[in-house]
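Just the structure for this:
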Amino acid sequence: HWEEWMGEPFANHGVTSVVALSNVAKALRTRSQTVPDLPRVFHSGNRPLFTEASSEAEVRQAVRDWLKNEPDMANFPTHNDAIARAYAVAADETHKAGIMIFGHAENAPAALRDGLDVVEHVWGYTQAAMSPQELRDFQEGKHLTWATFVSDWSGQDQMIRDTIARGGYLNPTLHYEWGGMSVRAKERELEDYTLLSSPDLVYFPKNITGSLLYKHRQIKNFSSRYENMVWVNRLPQEDRKEFEAGYKNVLEFTKRFVQLGGKIQAGTDTITGGVPGASLHHEMEMLVEAGLTPMQALKAATSWSAELLAGKNGARGNPKVGSIRPGNFADLVVVAADPLANISNTKRVERVMKVGRWIELGYHPEYYSFTTPARSIAGSVFAPVISTITPSFVEAGAPQMRVTLEGSGFTTTSLVQIDGVSVKTIFRDPKRIEFDLPARLIERPTPNPYVAPGPAQKIDVLGYRALSVRVFNPPPEGGMSNTISQLVRPR
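Numbering: from 1, shown residues only. Here you go, the predicted structure:
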């Protein structure tokens with residue numbers, strides 16, 4: 001997910017070529033071939049504009065129109081039963097142009113039969129192994145993760161063999177989806193913090209900085225019980241164990257994929273997946289954590305990934321990247337120690353060469369200036385919304401009582417504020433939170449802005465004093481909810 005401000009971080013981490021899942025202007029793609037402070041940018045040219053309702057002729061024309069963008073690879077919409085027919089037609093037309101297809105699949109074996117070449121994420125295989133009831137329950141948010149639904153490894157192995165027989169690849173995106181469960185998550189968070197604290201990286205968006213640092217402590221949740229990216233340390237023990245079991249399954253699947261002869265493409269889903277450049281090194285570390293050798297992890301980040309650009313069955317020819325051989329671009333990374341002894345040594349970058357010239361490493365505050373706010377990463381948390389409060393009123397002098405707020409966008413880190421004062425908040429699910437209303441805040445009904453001077457009464461003619469109740473989601477992103485009032489009636 002390329003954006004132009006990412007160029008310098010990529011180059012400083014030795015990443016000299018990237019694939020952008022967008023339509024990158026030809027002028028920038030041409031410039032990126034030679035300038036030192038940009039990686040060489042290949043692109044998908046956006047997506048062919050077809051839908052499940054498109055006729056065969058419309059699908060083929062959509063692909064022909066899309067080819068005018070000069071794509072280097074294809075990124076189709078998520079494959080599912082609804083779009084399968086149109087997908088297969090589009091894949092046929094795309095393969096005629098020699099281009100490989102990369103994307104999501106709700107059922108990886110079915111997508112591969114319909115023409116997908118590179119399966120992004122492991123969940124397409126696990127969903128394919130679910131029973132109809134399990135799949136319905138998962139789609140309705142009743143399960144924390146898809147990754148625990150691996151009970152038949154022989155069946156998973158057969159799916160892998162079928163993928164390999166079709167010439168398919170896997171892009172597991174381990175760091176993006178599972179980095180918070182890794183034994184080295186804290187270490188990587190510190191690495192990112194040290195880098196992003198540099199005053200020379202002042203252009204790196206602050207909202208994205210915070211989100212990426214938090215990701216090292218989070219795990220992607222698929223249930224209705226938690227927010228999209230839930231904090232690992234806030235999970236109940238039984239839920240954490242379920243995620244840990246799922247993580248082990250994902251690592252095992254990734255290892256088996258290579259052991260059975262498959263090839264991994266080490267995509268990172270940057271920027272959501274991590275710091276540009278650094279996330280590729282973290283992905284290689286996690287591939288080794290899964291059981292790949294350091295050499296296999298290096299291939300996943302270089303020569304195996306370059307095969308995507310070579311096209312279907314090599315139809316587009318040598319892309320001149322991903323390996324050192326005659327005729328290729330002279331792109332080299334010099335590291336301080338042997339990565340075959342320790343894959344983490346790839347992070348010890350000393351020199352980087354692009355097209356035969358050494359790059360001047362370092363960061364420059366003036367490298368990029370935003371003219372509009374940076375976009376948020378996928379899975380970000382924004383300001384919540386309150387729809388109801390129960391009870392809607394309390395009596396002055398009442399003891400402390402439990403209050404429930406319903407709405408949307410609540411997270412495990414949401415904080416209720418009463419007249420601007422934070423109180424302990426109990427998270428139930430993304431649509432419901434609770435708090436204990438302190439007795440000291442309702443010990444008397446005054447001051448009431450509606451009351452005029454006069455004799456004391458037990459009824460307020462115009463209305464009652466109200467407490468202002470709001471919910472705050474802390475940064476990054478986050479924000480304050482709308483205000484709802486807790487009425488305080490006199491006794």
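
What does the pLDDT read for residue 476?
Note for residue 476: predicted pLDDT of 85.

Repeat that for residue 447.
59.

now do the one 5 residues further on
Residue 452 carries a pLDDT value of 65.

mind saving the C-alpha coords of stretch 349-369 as PDB?
Provided in PDB are the C-alpha atoms of stretch 349-369 (Å, rounded to 0.1, in the frame of the first residue of the first chain):
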ATOM      1  CA  VAL A 349      22.400  -2.600   7.200                       C
ATOM      2  CA  GLU A 350      25.700  -0.800   6.500                       C
ATOM      3  CA  ARG A 351      25.400   0.000   2.800                       C
ATOM      4  CA  VAL A 352      22.700  -0.100   0.100                       C
ATOM      5  CA  MET A 353      23.300  -0.100  -3.700                       C
ATOM      6  CA  LYS A 354      20.700   0.600  -6.200                       C
ATOM      7  CA  VAL A 355      21.400   0.300 -10.000                       C
ATOM      8  CA  GLY A 356      25.100   0.200  -9.300                       C
ATOM      9  CA  ARG A 357      25.300   3.300  -7.100                       C
ATOM     10  CA  TRP A 358      25.600   3.500  -3.400                       C
ATOM     11  CA  ILE A 359      22.800   5.200  -1.600                       C
ATOM     12  CA  GLU A 360      23.500   7.900   1.000                       C
ATOM     13  CA  LEU A 361      21.800   6.400   4.000                       C
ATOM     14  CA  GLY A 362      20.100   8.600   6.600                       C
ATOM     15  CA  TYR A 363      16.900  10.500   7.100                       C
ATOM     16  CA  HIS A 364      16.100  14.100   6.200                       C
ATOM     17  CA  PRO A 365      13.300  16.200   7.800                       C
ATOM     18  CA  GLU A 366      12.600  17.900   4.500                       C
ATOM     19  CA  TYR A 367      12.100  14.700   2.600                       C
ATOM     20  CA  TYR A 368       8.300  15.000   2.500                       C
ATOM     21  CA  SER A 369       5.700  17.500   3.500                       C
END
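
Check the model's average confidence along that stretch for me.
Across stretch 349-369, the average pLDDT comes to 96.

can you give me the helices for the stretch 201-350 of the chain?
Secondary structure of the stretch 201-350 of the chain, counting by DSSP state H, counting those that start in this stretch: helices at 206-215, 237-259, 278-290, 294-301, 303-310.

Next, count neighbours for residue 225.
19 (other Cβ atoms under 10 Å). For glycine as for every other residue, the C-beta is placed from the backbone atoms N, C-alpha and C.

That one: what's it in contact with?
141, 144, 239, 429 (Cβ atoms under 8 Å, 6 or more residues apart in numbering).

Tell me how far the third one lies from residue 383.
With distances taken as Cβ to Cβ, to the nearest Å, residue 239 is found 26 Å from residue 383.

who has more neighbours, those two?
Legend: neighbour count by other Cβ under 10 Å for residue 239 and residue 383, higher for residue 239 (19 against 15).

Can you classify the residue nearest to the more buried one when sequence neighbours are not counted by secondary structure?
Using Cβ to Cβ, 6 or more residues apart in numbering and skipping the chain neighbours, the partner closest in space to residue 239 is residue 144 (5.9 Å). Counting by DSSP: H, G, I helix; E, B strand; the rest coil, the backbone at residue 144 sits in coil.

Quick check: the gap between the spatially most central residue of the chain and residue 307.
Nearest to the geometric centre of the chain sits residue 272, at 4.4 Å (Cα atoms, centre = their mean). Relative to residue 307, residue 272 is positioned 24 Å away (Cβ to Cβ).

for residue 260, same thing?
18 Å.

Report how many residues lie close to residue 343.
Around residue 343 there are 24 residues (other Cβ under 10 Å).

again, but for residue 291
14.

How about residue 415?
18.

For it, give me the backbone phi and psi.
phi -130, psi 120 (degrees, to the nearest 10).

Just the C-alphas of stretch 7-18, formatted as CSV.
What follows is stretch 7-18, C-alpha atoms only, in CSV (Å, rounded to 0.1, in the frame of the first residue of the first chain):
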residue,chain,number,x,y,z
GLY,A,7,10.5,6.1,0.1
GLU,A,8,13.3,7.1,2.4
PRO,A,9,12.4,4.5,5.2
PHE,A,10,12.3,1.7,2.6
ALA,A,11,15.7,2.7,1.1
ASN,A,12,17.4,2.9,4.5
HIS,A,13,16.3,-0.6,5.3
GLY,A,14,17.7,-2.0,2.0
VAL,A,15,14.4,-2.4,0.2
THR,A,16,15.1,-1.3,-3.3
SER,A,17,11.9,-2.6,-5.0
VAL,A,18,8.3,-2.6,-3.8
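
Contacts only, for the residue nearest to residue 239.
Residue 144 neighbours (Cβ under 8 Å, 6+ apart): 221, 222, 223, 225, 226, 239, 242, 243, 246.

can you check residue 469 too?
386, 389, 403, 405, 416, 417, 418, 483, 484, 485, 486.

helix or strand for it, which one?
Residue 469 belongs to strand 465-473 when assigned by DSSP states H and E.

could you give me the average pLDDT of that strand?
So the average pLDDT for strand 465-473 ends up being 92.

Equivalent analysis for stretch 143-162, please.
According to the model, stretch 143-162 has a mean pLDDT of 94.

how far is it from where the chain is centred?
When distances are taken as Cα atoms, centre = their mean, to the nearest Å, stretch 143-162 is centred 22 Å away from the chain's centroid.

Quick check: chain neighbours aside, which residue is closest to residue 245?
That would be residue 148: by Cβ to Cβ, 6+ apart, it lies 5.5 Å from residue 245.

and the one you found, how many neighbours?
With other Cβ under 10 Å as criterion, residue 148 counts 18.

Quick check: it vs residue 287, distance?
Distance, residue 148 to residue 287, using Cβ to Cβ: 21 Å.

how much space between residue 436 and residue 404?
Counting by Cβ to Cβ, the gap from residue 436 to residue 404 is 11 Å.

now do residue 125
Applying Cβ to Cβ to residue 125 and residue 404 gives a distance of 40 Å.

Between these two, which is the more surrounded one?
Here residue 125 and residue 404 are compared on neighbour count by other Cβ under 10 Å; more neighbours surround residue 125, at 23 against 14.

residues in contact with that one?
By Cβ under 8 Å, 6+ apart, the residues touching residue 125 are 108, 109, 119, 156, 159, 160, 253.

the strands in the stretch 301-450 of the chain, which residues?
332-335, 349-354, 357-358, 385-390, 393-395, 401-408, 415-418, 421-423, 425-429, 432-437 (DSSP state E, counting those that start in this stretch).
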